[in-house]
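Student: Fold the following.
(2 chains)
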There are 2 protein chains.
Amino acid sequence: MKFFEDIEVGERFEVGRHFFTADEIKAFAQRFDPQAFHLDEAAAERSHFGALVASGWHTAVVWMRLMVDFRRRMEEAARTRGEPVAGIGPALGFRDLKWLKPVYVDDTIDYASEIVDKRVSGSRPERGLLTIRSTGVNQNGELVLSFISTTFVERRPDRS
Amino acid sequence: MKFFEDIEVGERFEVGRHFFTADEIKAFAQRFDPQAFHLDEAAAERSHFGALVASGWHTAVVWMRLMVDFRRRMEEAARTRGEPVAGIGPALGFRDLKWLKPVYVDDTIDYASEIVDKRVSGSRPERGLLTIRSTGVNQNGELVLSFISTTFVERRPDRS
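Tutor: Reported below is the predicted structural model:
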């Protein structure tokens, strides 16, 4: 991650893309969200969804995985350029997580995150606080997921 | 689930309890949140957490799993009594999810959910909307997780 001072409000990152297979949807649901419309095609057809859909929690944790991978690629690129890498975290939580459309079998979701606010931390002056809006959009351009997260990021050691 | 008309604001449910082992914390993190402080004891000791901690997403999806199991038990009990069972869902999302304390290896988390608001749905008059505050508390009585979710629930067919 870049240091707090080098991050601009409005910066947007294409975090990654994920293809939701039936097998993966069912495997996640079996473990964490065993409702019939996430597990069984016939039951899902009779539900308000009309077909098998991914657990909303599944669509959210896939963002987390892609974000960790994205940050790792950015950090490796920075190290290759000989630049220092800022520490990030911990995350404090989320607000306004919305499941706006179902994610069906074989949907492809593109995840993006945008810096919407930044401020110096009162409790931890060596860190800044970033507010990030993240979204998932399906192959038809429909917004399926949206949420706002807040996380600490390291400030430049030479900022003074 | 009970029907919308039979649910009272202030009702509280002990949803379930979960014991977080090191193996399970690492398995979740490997798949969805592969950050060093969720995967490796030595790296976690050097982190701001001081020891291996569960992914915040892991502590949230465990609530979902326990809630599905809890609802299933309630529904089976209702059917045994010969009572009808109300349909629930879809969930619309959540707000104000806060990771207040880390969840460490061998922590036991008690999850509870409380109805904090209910209203008839404008868009779907056959359903009501429930606002639910859910929490996780560790074995020392410390609040580790808190969030507010909103979900549809079926209204009584004989309500008119």
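
Student: any weak-confidence spans in chain A?
Tutor: A:160 (pLDDT under 70).

Student: One more pass at 50, please.
Tutor: Nowhere does chain A drop to pLDDT under 50.

Student: near chain B, which residues of it show up?
Tutor: A:31-35, A:48-49, A:55-57, A:60-62, A:64-65, A:68, A:89-99, A:102, A:147 (Cβ under 8 Å from any Cβ of the partner chain). C-beta: built from backbone N, CA, C; applies to glycine.

Student: which element follows the lengthiest helix in chain A toward the C-terminus?
Tutor: Assignment by DSSP state H gives helix A:56-80 as the longest helix of chain A. Helices and strands here follow DSSP states H and E; after helix A:56-80, the next one along the chain is strand A:88-99.

Student: Run the angle between the helix or strand just after that following strand and helix A:56-80 for me.
Tutor: Next along the chain after strand A:88-99, taking DSSP H and E as the criterion, comes strand A:108-120. Put simply, strand A:108-120 runs at 70 degrees to helix A:56-80, going by axes from the mean of the first three to the mean of the last three Cα atoms, to 10 degrees.

Student: Partner strands of strand A:108-120, with direction?
Tutor: Applying DSSP bridges to the sheet, strand A:108-120 is found paired with strand A:12-19 (antiparallel), strand A:127-137 (antiparallel).

Student: Among those strands, single out whichever gets nearest to B:Thr108.
Tutor: strand A:127-137 (30.6 Å; Cβ to Cβ).

Student: how much distance is there from the closest one to the middle of the chain?
Tutor: Distance of strand A:127-137 from the chain centroid (Cα atoms, centre = their mean, to the nearest Å) equals 9 Å.

Student: Look up how far A:Val153 lies from A:Glu83.
Tutor: 15 Å (Cβ to Cβ, to the nearest Å).

Student: Which one of those two is surrounded by more residues?
Tutor: Per other Cβ atoms under 10 Å in any protein chain shown, whichever of A:Glu83 and A:Val153 has more neighbours is A:Val153, with 22 against 13.

Student: just checking, the more buried one touches A:Ile88?
Tutor: Yes. Look at A:Val153 against A:Ile88 with Cβ atoms under 8 Å: they come within range, at 4.9 Å.

Student: joint contacts of those two?
Tutor: A:Met1 (Cβ atoms under 8 Å, 6 or more residues apart in numbering or on different chains).

Student: re the thing from before, and the contacts of the longest helix of chain A?
Tutor: A:1-2, A:13, A:15-18, A:20, A:25, A:28-29, A:32-33, A:38, A:84-85, A:88, A:97, A:99, A:103, A:109, A:111, A:113, A:134, A:136, A:144-145, A:147, B:31-35, B:55, B:57, B:60-61, B:64, B:91, B:93.

Student: how much does that helix deviate in direction from strand A:88-99?
Tutor: Using the same axes, to 10 degrees: helix A:56-80 against strand A:88-99 is 150 degrees.

Student: What residues sit buried inside helix A:56-80?
Tutor: A:56-68, A:70-71, A:75 (16 or more other Cβ atoms under 10 Å in any protein chain shown).

Student: before we move on, what about stretch A:29-39?
Tutor: A:29, A:32-35, A:37-39.

Student: which SS class is A:Gly141?
Tutor: Three-state call for A:Gly141 (DSSP: H, G, I helix; E, B strand; the rest coil): coil.

Student: Can you give me the distance of the residue nearest to the spatial centre of chain A to A:Phe13?
Tutor: In chain A, the centroid-proximal residue (Cα atoms, centre = their mean) is A:Trp63; its distance is 3.2 Å. Using Cβ to Cβ, A:Trp63 is found at 12 Å from A:Phe13.

Student: on that earlier part again, would you turn the strands paired with strand A:108-120 into TSV with mean neighbour count?
Tutor: Formatted as TSV, the strands paired with strand A:108-120 follow (neighbours: other Cβ atoms under 10 Å in any protein chain shown):
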stretch	mean neighbour count
strand A:12-19	16
strand A:127-137	20
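
Student: To A:Pro157, which of the ones you listed lies closest?
Tutor: strand A:127-137 (12.0 Å).
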